[in-house]
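Visitor: just a sequence and a predicted model for now, questions to come.
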Protein chains: 2
Amino acid sequence: MLIIFDHLNKNMHTQPTVEVCFSPKLYEDKFTNQNFVTVVADILRATTSICAAFDHGVERIIPVSGLEEAKAMKEEGYFVACERNGEIMDFADIGNSASDFLREDLKGKSVVFSTTNGTKTINMARDAEEVLVGSFANIQALADLLIQKQKNVVIFCAAWKNLFNLEDSVFAGAIAELLLDHGFSTVCDSTHGAMDMWHHAKSDLKSYLSKSSHRNRLKHLVSEKDFDYTVTLNSTSVIPILKGDQLRLAE
Amino acid sequence: MLIIFDHLNKNMHTQPTVEVCFSPKLYEDKFTNQNFVTVVADILRATTSICAAFDHGVERIIPVSGLEEAKAMKEEGYFVACERNGEIMDFADIGNSASDFLREDLKGKSVVFSTTNGTKTINMARDAEEVLVGSFANIQALADLLIQKQKNVVIFCAAWKNLFNLEDSVFAGAIAELLLDHGFSTVCDSTHGAMDMWHHAKSDLKSYLSKSSHRNRLKHLVSEKDFDYTVTLNSTSVIPILKGDQLRLAE
């Protein structure tokens, strides 16, 4: 929190802050064990797909970091979504595309979910006061909730195997802009950098992200329809939140 | 290198690549032990000051990571520039401001140099084929040399205690733009992000960097004159290069 003295009204008041973390490798030093809400972003594709799943009526998602754990839960009878390096694992029921979750038989059900970057990042963020899941699909609803909470926020980019990526960073800039427009403050260079990227991207997000290395890496695996969903803002108002070991809808 | 097939001339030719690394913490995984030239940037202040020092006639600079080593070299009789967290150490002769190096008695001399981020980063980069020192002061001369070399380039941002900073990232975007304008290519998201920042910054670099957390952290320690020098492009054509344990002028 930044503490502000209001000279006119002779009051002290606090401004919540927003910070951005560009990689899981940069998260530990600065952000763990402090008092803030973390928003995890893995735009291509885990957090976009999690929003799609809840929007479609999935009841809960269990994020699992390791392949062995995901496999064991499949053997226990869970429905499992699992991907590594963009490709569905052979033991899994589905991969991690948003459209994979749009099945009638998943409504009201639980899904175990394990991906290369996103679900590991969610699990890394557990020390935060709250962990929320963000994507362009739910960005305005998420910003509204954060503005209501008035707590410090860290946008945690899942990145690609720890390396900075454009799509998560641009999302971070987009939500930071919404928060700074509503009384949040920042002294974080990553937040300023992310907002610069968003300013370049926002007039044509799809074209902007076509230069993303990860988009090109996944091009043969992500359908045009899934990519269109990924870059469309505010198609849902669901906000997934981590409760214990499970993602649920925020109340 | 990207290999390009030229359909008109039926030739294969290679395009050197440019990549950006935003933090020492992200350098090890991807960049070590490969075949490339590394440009180290610690704009506030080590690499800017190193350029100023060579421009003023200093003969060689010995970058030293640890305080104890710097202190021992002082006891051996070396002239020592040493700073931590922006402040000169009590055993040192000078700190790490560009203007500290503009002394007549340093012309033709050796200086031992140890700083919070910059000199550690230079030492981390030793595995690269060549290590060059960059700043806004020598950016065009450096770009010209890199264009002449036609080797893959990594711009290595010293950052602030491993955390992303604006001033090094904006410099990376500036030199990446010069290289991409002259036949280099990139598939690196950090390079695209850094260039977005540079596009925002370039019309008024000084104002842009006034929002930098590090600039604010150092405000009471860096004079207006030193900051003006830092944000002025092409005041020198010196290019410091690491030769063994010492920085010398590139031939």
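Guide: Cool, got the structure.

Visitor: now the residue lying closest to A:Asn117 once chain neighbours are set aside: how far from chain B?
Guide: Nearest non-adjacent residue to A:Asn117, counting by Cβ to Cβ, 6 or more residues apart in numbering or on different chains: A:Ala158, 4.1 Å away. Bear in mind the C-beta positions are built from the backbone N, C-alpha and C, glycine included. Applying Cβ to the nearest Cβ, to the nearest Å, the value for A:Ala158 to chain B is 13 Å.

Visitor: A:Ala158 touches A:Tyr27, doesn't it?
Guide: No. Here A:Ala158 lies out of contact with A:Tyr27, judged by Cβ atoms under 8 Å, at a distance of 10.2 Å.

Visitor: okay, these two: which has more neighbours?
Guide: Per other Cβ atoms under 10 Å in any protein chain shown, whichever of A:Ala158 and A:Tyr27 has more neighbours is A:Ala158, with 28 against 22.

Visitor: burial measure for whichever residue of the stretch 1-150 of chain A sits closest to chain B, as a count.
Guide: Relative to chain B, the nearest point of the stretch 1-150 of chain A is A:Lys25 (5.3 Å; Cβ to the nearest Cβ). By other Cβ under 10 Å, 19 other residues sit near A:Lys25.

Visitor: tell me the SS of A:His192?
Guide: Here A:His192 is recorded as helix under DSSP: H, G, I helix; E, B strand; the rest coil.

Visitor: for the stretch 1-150 of chain A, what spans make up the helices?
Guide: Under the criterion DSSP state H, counting those that start in this stretch, the stretch 1-150 of chain A contains helices at A:27-31, A:46-55, A:67-75, A:118-124, A:139-149.

Visitor: ranking those by burial, who's on top?
Guide: helix A:46-55 (a mean of 28; mean count of other Cβ atoms under 10 Å in any protein chain shown).

Visitor: now that one: mean pLDDT?
Guide: The predicted model gives helix A:46-55 an average pLDDT of 97.

Visitor: please export the C-alpha coordinates of that helix as PDB.
Guide: Coordinates of each C-alpha in helix A:46-55 appear next as PDB, following Å, rounded to 0.1, in the frame of the first residue of the first chain:
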ATOM      1  CA  ALA A  46      -4.100 -22.600 -19.400                       C
ATOM      2  CA  THR A  47      -5.700 -19.600 -17.800                       C
ATOM      3  CA  THR A  48      -7.800 -18.800 -20.900                       C
ATOM      4  CA  SER A  49      -9.000 -22.400 -21.000                       C
ATOM      5  CA  ILE A  50      -9.800 -22.400 -17.200                       C
ATOM      6  CA  CYS A  51     -12.000 -19.300 -17.800                       C
ATOM      7  CA  ALA A  52     -13.700 -21.100 -20.700                       C
ATOM      8  CA  ALA A  53     -14.300 -24.200 -18.600                       C
ATOM      9  CA  PHE A  54     -16.000 -22.400 -15.800                       C
ATOM     10  CA  ASP A  55     -18.000 -20.300 -18.200                       C
END
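
Visitor: and it with helix A:139-149, angle?
Guide: Helix A:46-55 and helix A:139-149 meet at an angle of 90 degrees, taking axes from the mean of the first three to the mean of the last three Cα atoms, to 10 degrees as the criterion.

Visitor: list the contacts of helix A:46-55.
Guide: Residues outside helix A:46-55 that contact it (Cβ atoms under 8 Å, 6 or more residues apart in numbering or on different chains): A:40-42, A:61, A:81, A:96-102, A:106, A:111, A:113, A:115, A:117-119, A:122, A:133-138, A:158, A:229-230, A:235-236, A:238, A:240, A:247, A:249.

Visitor: now list the buried members of these.
Guide: Using 16 or more other Cβ atoms under 10 Å in any protein chain shown as the burial test, the contacts of helix A:46-55 include A:40-42, A:61, A:81, A:96-102, A:106, A:111, A:113, A:115, A:117-119, A:122, A:133-138, A:158, A:229-230, A:235-236, A:238, A:240, A:247 as buried.

Visitor: center of chain A, which residue is that?
Guide: A:Ala41 (2.4 Å; Cα atoms, centre = their mean).

Visitor: so what's that residue up against?
Guide: A:47, A:134-135, A:155-158, A:168, A:171-172.

Visitor: chain B contacts on the stretch 1-150 of chain A?
Guide: For the stretch 1-150 of chain A, the contact set with chain B under Cβ under 8 Å from any Cβ of the partner chain comprises A:22-23, A:25-26, A:29-30.

Visitor: could you give the bridge partners of A:Val133?
Guide: Here A:Val133 sits in beta bridges with A:Val40, going by DSSP bridges.

Visitor: now do the strands in the stretch 101-250 of chain A.
Guide: A:110-114, A:130-134, A:153-157, A:240-243, A:246-249 (DSSP state E, counting those that start in this stretch).

Visitor: and the helix of greatest length in chain A, what's buried?
Guide: For chain A, the longest helix by residue count, based on DSSP state H, is helix A:166-180. Neighbour counts over helix A:166-180 (16+ other Cβ under 10 Å) mark A:166-179 as buried.
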